[in-house]
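Asks: My questions are about this predicted structure, shown below with the sequence.
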Amino acid sequence: DVKVTQSSRYLVKRTGEKVFLECVQDMDHENMFWYRQDPGLGLRLIYFSYDVKMKEKGDIPEGYSVSREKKERFSLILESASTNQTSMYLCASSVTGHEQFFGPGTRLTVL
Amino acid sequence: GENVEQHPSTLSVQEGDSAVIKCTYSDSASNYFPWYKQELGKGPQLIIDIRSNVGEKKDQRIAVTLNKTAKHFSLHITETQPEDSAVYFCAASRGYNAGNMLTFGGGTRLMVKP
């Protein structure tokens, strides 16, 4: 079975802190994605990566950056966390043209 | 870019009844339409998908229909059971040409009452 793991289920940070969310997949997928999930807005794509060191902006990249140094790991970085970044963050991976497999999510609260 | 709208946002049905969730999309180049189910505390999981070369696909109690002309697609669940209670998301994609990027609808919370 494909497994996508995220470093934390719950995270509480203060405004202005630098925040790292880590995602690891174990199926050698070339594509990895970061979404945020907010009630009524569904899942919105922040960034995706189609190969090591490659990244593309999604629909809402402002305030975020990403890093993919190894194929299995994709990190989301909040350079200076703000309260409007309080949300559920979901990571996913896929082989191009096939389904995306999601991790369990990280619920981030920024105070 | 693509815009996907999903209705209703909440749906409550009696066990054994049918449930229908509808989505519309804006990009006529979209050709892949998956449906994901998200149970409490878990990430979304693919339950069924349809590509633009077919109008309907069925898998046991769930079916998806696609109308490319009207740019809408629907999820049908028959003989609903309490374990069908979850949040359902539709999505649309241009498929291979877009690196499998998906645009999601806003989600439908389905509650099946025993």
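Replies: All right, it came through fine.
Asks: List the contacts of residue 72.
Replies: Just so you know, I chose chain A. Contact analysis of residue A:72 by C-beta atoms under 8 Å, 6 or more residues apart in numbering or on different chains lists A:24-26, A:28. Where C-beta positions appear, they are placed from N, C-alpha and C, glycine not excepted.
Asks: Chain B, not that one
Replies: Contacts for residue B:72 (C-beta under 8 Å, 6+ apart) come out as B:22-25, B:66.
Asks: Distance of it relative to residue A:100?
Replies: Per C-beta to C-beta, to the nearest Å, residue B:72 is found 22 Å from residue A:100.
Asks: count of residues packed around residue B:2?
Replies: Residue B:2 is flanked by 19 other residues according to other C-beta atoms under 10 Å in any protein chain shown.
Asks: just checking, it touches residue B:24?
Replies: No. At 11.0 Å, residue B:2 does not count as touching residue B:24 under the criterion of C-beta atoms under 8 Å.
Asks: who touches both of these two?
Replies: Shared contacts of residue B:2 and residue B:24 (C-beta under 8 Å, 6+ apart): none.
Asks: Residue A:92: what's it in contact with?
Replies: A:4, A:32-33, A:35, A:100-103, B:43.
Asks: which one of the contacts of residue B:72 sits closest to chain A?
Replies: Nearest to chain A among the contacts of residue B:72, counting by C-beta to the nearest C-beta, is residue B:23 at 10.4 Å.
Asks: The closest one falls within a strand, correct?
Replies: Yes. Counting by DSSP: H, G, I helix; E, B strand; the rest coil, residue B:23 falls inside a strand.
Asks: count of residues packed around it?
Replies: When neighbours are defined as other C-beta under 10 Å, residue B:23 has 26 of them.
Asks: This completes my enquiry, with thanks.
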